[in-house]
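>>> The sequence isn't on hand, but the structure is:
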Ligand SMILES: Nc1ncnc2c1ncn2[C@@H]1O[C@H](COP(=O)(O)OP(=O)(O)OP(=O)(O)O)[C@@H](O)[C@H]1O
């Protein structure tokens, strides 16, 4: 088909891009042909392929082959492309006289082409003095030469990166980092990308390196593998460091190089170099990412600063007692001994920690602290006032909303409070908090890096109250800040044990507390007023679940109130499959309904979705659940892109197709993601195939998400195993950093420091009360009981 031996190509201007898939950069568009070496004789052709940035009205050169698509006919399937350079006298004159080169008008542009010919651009790149004849002066000439060279280098670099298989986002990031030296840097050491550019992993760099002839136990390869391994292990385990020997063993496995006697030595040398370069840090045989180790130190130093700058309080203990009495009257509550102690300690110390399970009164205490703080310090509780000096925040949007509702005061996400963007730019953020009292809820979800930013932002003299449930799953990111702070015993802490929510009809809270204690109570698999268990294998989970869901739907349960929580994404009983199954029950495709696809996922109006990243500009954050309320197809809007309109609890957000990677279906979500949220009804499938994940804190976290009804589904033994398997602590050194910074020699025993209630209430009494029907178990739930779903078992 071609006229010569060169690859088939088309040179032309892009007219209309009519399809773009942001996931794989696949695009379809037409070009107006200027030149080709094929025998194609029409004026236009459809071009397909994966491209970085392609702009309409710009000229490109595409190489590839003409294919015959069964439905759409002949198209050009491009494998490489390049933005074309101005060529020919007229184009070159237009180029030089464009806005890009101020000071060069049409006349001077003509002169350049007259003097240097149609190779003018190449000549200028090669010889910086080629433009001297224009007599523009040294500075001006240099400016023009630099502009042309840099355009050329950018173009070359982006073209090369594209050829190396990097998409537009990564290419842009790489180019931003290295600028004109991009190709030089990559050729020199492609593994440096793993350190310098977020999103480039060892595998990617390794493929590139292979093309450049770097293989085996090349020191650069060792370095890349080591960085990647530290990062993977930390993200997988949540630890803040990696055992050095384990690291060496794993890296040698990844390198898969024929074992040389001195490989171990080479690996240790590689490690040493990374330490020298300030990327990793070795301490006591453990290997840290330098920034994570720095974060632990920074946290302990910030905490010390807060402790040292606290000037004490201006009121007496007597005044506090009097105030508390008033507050009890106002709120119509009588604080128990540990609650009173908690309020007192929080108000008299610079840093105070409060932990407790569901229904133990954490929110109640926050309310009391705020009220008493305002009165005792004569501080306004009016958020509209310029003098308002209280900041309330939580790690997720939902938790912040809950905090705001229960206190009646504004509560923000920590990201919003600090003005963070949720991107890697946050690493360079230096926020500052202008408040006198800072209260953080759901502290167990806060990871090391976020806490570092938060606590660094606290100004001298501020009082800090950290509230959470230390028995829940730790943060998604590395660290277990809340547990470490509590276990350091460097700060006054109260563990609330008394369950106060017993006047409601809940056996779920008691179940949660039993699970937390590792107790497998007799009745766990029996039918109760507010919970039930349906035994089945993982293969049957989808079927059982679709029956439960359709029944709950028939009985008028709102989709928003019913949440399926699962530990893993893969498998029959995994999140991905269950979402697909439940969507087909609750929101099936019907003729004439709008539907759009992203990968294997289909979206329809009324679908429940979850947001996966933080977008402060849209006020929507990771883990927030919303509902699709509109679908705008590309052909229906002026932007010519498909759009989804999603209602996140009253906040309507429009997402273009390229942003759909930030959402997924949320009929079933991960237990990790559900932290900080509560639901009327939780359906919890657990099966033995998920044994790797089955831990006590996972089950505890899932069960404590259920406000009114809990339906457990799956293998009995999977539940029992979860209760028995007490998750081992994450490996971190924040506690040790605190010991050093606070000069704590011998930590006191936990019992001596921590306030606990002496005698927790007997849960069986509460259960009996429910069993004896002394409490209406279904208040507000119509005539539905979880046991109604048990009939499924017999089908
Ligand atoms: N001392 C008390 N006397 C009576 N009722 C109390 C007391 N403390 C808390 N409560 C009540 O117990 C219930 C649970 O309290 P609260 O919501 O503060 O607990 P929580 O620890 O924040 O729970 P969760 O983590 O589940 O939100 C509330 O209805 C609250 O009014």
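Cool, the structure landed. Just so it is clear, the model here is predicted, and its values are computed rather than measured.
>>> Now the element after the helix or strand that contains residue 393, going C-ward?
Using DSSP states H and E, residue 393 falls within strand 390-394. Beyond strand 390-394 on the C-terminal side, the first helix or strand identified by DSSP H and E is helix 397-407.
>>> chain center to that next one: distance?
Mean C-alpha position of helix 397-407 versus that of the full chain (CA atoms, centre = their mean, to the nearest Å) differs by 20 Å.
>>> which helices and strands sit right next to that helix?
With contacts taken as 3 or more CB pairs under 8 Å, 6 or more residues apart in numbering; DSSP states H and E, helix 397-407 sits against helix 362-376, strand 390-394, strand 411-413. Every C-beta, even on glycine, is put in place using the N, C-alpha and C of the backbone.
>>> what does it contact?
Helix 397-407 is contacted from outside by 363, 366-367, 370, 392-394, 410-413, 416, 441-442, 445, 620-621, 623-625, 648-649, 676-678, using CB atoms under 8 Å, 6 or more residues apart in numbering.
>>> What about the ligand: which of these touch it?
residue 363 (CB under 6 Å from any ligand atom).
>>> model confidence over the longest strand belonging to the chain, on average?
Using DSSP state E to define each element, the chain has its longest strand at strand 9-21. Mean pLDDT, strand 9-21: 87.
>>> all strands for the stretch 601-750 of the chain, in order.
Secondary structure of the stretch 601-750 of the chain (DSSP state E, counting those that start in this stretch): strands at 601-603, 608-611, 625-632, 643-648, 651-656, 663-665, 668-670, 679-686, 706-714.
>>> Kindly reformat those as JSON lines containing mean pLDDT and mean neighbour count.
Below are the strands of the stretch 601-750 of the chain laid out as JSON lines (pLDDT from 0 to 100; neighbours: other CB atoms under 10 Å):
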{"stretch": "strand 601-603", "mean pLDDT": "93", "mean neighbour count": "19"}
{"stretch": "strand 608-611", "mean pLDDT": "94", "mean neighbour count": "23"}
{"stretch": "strand 625-632", "mean pLDDT": "94", "mean neighbour count": "18"}
{"stretch": "strand 643-648", "mean pLDDT": "94", "mean neighbour count": "20"}
{"stretch": "strand 651-656", "mean pLDDT": "92", "mean neighbour count": "16"}
{"stretch": "strand 663-665", "mean pLDDT": "94", "mean neighbour count": "22"}
{"stretch": "strand 668-670", "mean pLDDT": "94", "mean neighbour count": "24"}
{"stretch": "strand 679-686", "mean pLDDT": "94", "mean neighbour count": "25"}
{"stretch": "strand 706-714", "mean pLDDT": "93", "mean neighbour count": "25"}
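>>> Make CSV from those and add distance to residue 470 to it.
Output for the strands of the stretch 601-750 of the chain, formatted as CSV (distance: least, CB to CB, whole Å):
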stretch, distance to residue 470
strand 601-603, 36
strand 608-611, 26
strand 625-632, 25
strand 643-648, 29
strand 651-656, 31
strand 663-665, 29
strand 668-670, 21
strand 679-686, 21
strand 706-714, 20
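>>> Of all those, which one comes closest to residue 64?
Closest of those to residue 64 is strand 651-656, at 27.8 Å (criterion: CB to CB).
>>> Enumerate the residues of this structure near the ligand.
333-336, 339, 356, 358-364, 500-501.
>>> Just want the angle from the strand holding residue 393 to helix 397-407.
140 degrees (axes from the mean of the first three to the mean of the last three CA atoms, to 10 degrees).
>>> Direction included, what does strand 390-394 pair up with?
strand 411-413 (parallel), strand 437-440 (parallel) (DSSP bridges).
>>> From the chain's centroid, how far away is that strand?
On CA atoms, centre = their mean, the centre of strand 390-394 falls 21 Å from the chain's centre.
>>> and it, what's its mean pLDDT?
Rounded mean pLDDT across strand 390-394 is 96.
>>> where in the stretch 251-400 of the chain is pLDDT low?
257-261 (pLDDT under 70).
>>> Quick check, the residue in the stretch 451-600 of the chain closest to the ligand?
Of all residues in the stretch 451-600 of the chain, the one sitting closest to the ligand is residue 500 (3.3 Å; CB to the nearest ligand atom).
>>> and that residue, how many neighbours?
By the criterion of other CB atoms under 10 Å, residue 500 has 18 neighbours.
>>> Without its sequence neighbours, what residue ends up closest to it?
residue 361 (5.2 Å; CB to CB, 6 or more residues apart in numbering).
>>> what about the one you found, how many neighbours?
Neighbour count for residue 361, taken as other CB under 10 Å: 22.
>>> Please apply the same query to residue 639.
For residue 639, using other CB under 10 Å, the count is 9.
>>> my guess is it meets residue 658, correct?
No - Residue 639 is beyond contact range of residue 658, at 11.1 Å (criterion: CB atoms under 8 Å).
>>> quick one on the thing from earlier: mean pLDDT lowest for which of the strands paired with strand 390-394?
strand 411-413 (a mean of 92).
>>> mind checking how far that strand is from the chain centre?
17 Å.
>>> Please, where are all the helices along the stretch 251-400 of the chain?
Counting by DSSP state H, counting those that start in this stretch, the stretch 251-400 of the chain has helices at residues 263-276, 290-309, 317-331, 337-348, 362-376, 397-407.
>>> Same list, the ones you listed, but as a markdown table with mean neighbour count please.
Shown next, in a markdown table, are the helices of the stretch 251-400 of the chain (neighbours: other CB atoms under 10 Å):
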| stretch | mean neighbour count |
| --- | --- |
| helix 263-276 | 16 |
| helix 290-309 | 19 |
| helix 317-331 | 14 |
| helix 337-348 | 21 |
| helix 362-376 | 21 |
| helix 397-407 | 20 |
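>>> can you list those in JSON lines and add distance to residue 105?
Listed next are these as JSON lines, based on distance: least, CB to CB, whole Å:
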{"stretch": "helix 263-276", "distance to residue 105": "54"}
{"stretch": "helix 290-309", "distance to residue 105": "51"}
{"stretch": "helix 317-331", "distance to residue 105": "77"}
{"stretch": "helix 337-348", "distance to residue 105": "72"}
{"stretch": "helix 362-376", "distance to residue 105": "68"}
{"stretch": "helix 397-407", "distance to residue 105": "55"}
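>>> Surely the residue of the stretch 451-600 of the chain closest to the ligand touches residue 362?
No - assessed by CB under 8 Å, residue 500 is found out of contact with residue 362, at 10.3 Å.
>>> What is the burial count for residue 524?
18.
>>> residues contacting it?
Per CB under 8 Å, 6+ apart, neighbours of residue 524: 511, 514, 533, 719.
>>> Need the max-distance pair from those.
514 and 533, at 14.2 Å, using CB to CB across those.
>>> hmm, which two among the residues of the chain next to the ligand are most spread apart?
334 and 358 (20.2 Å).
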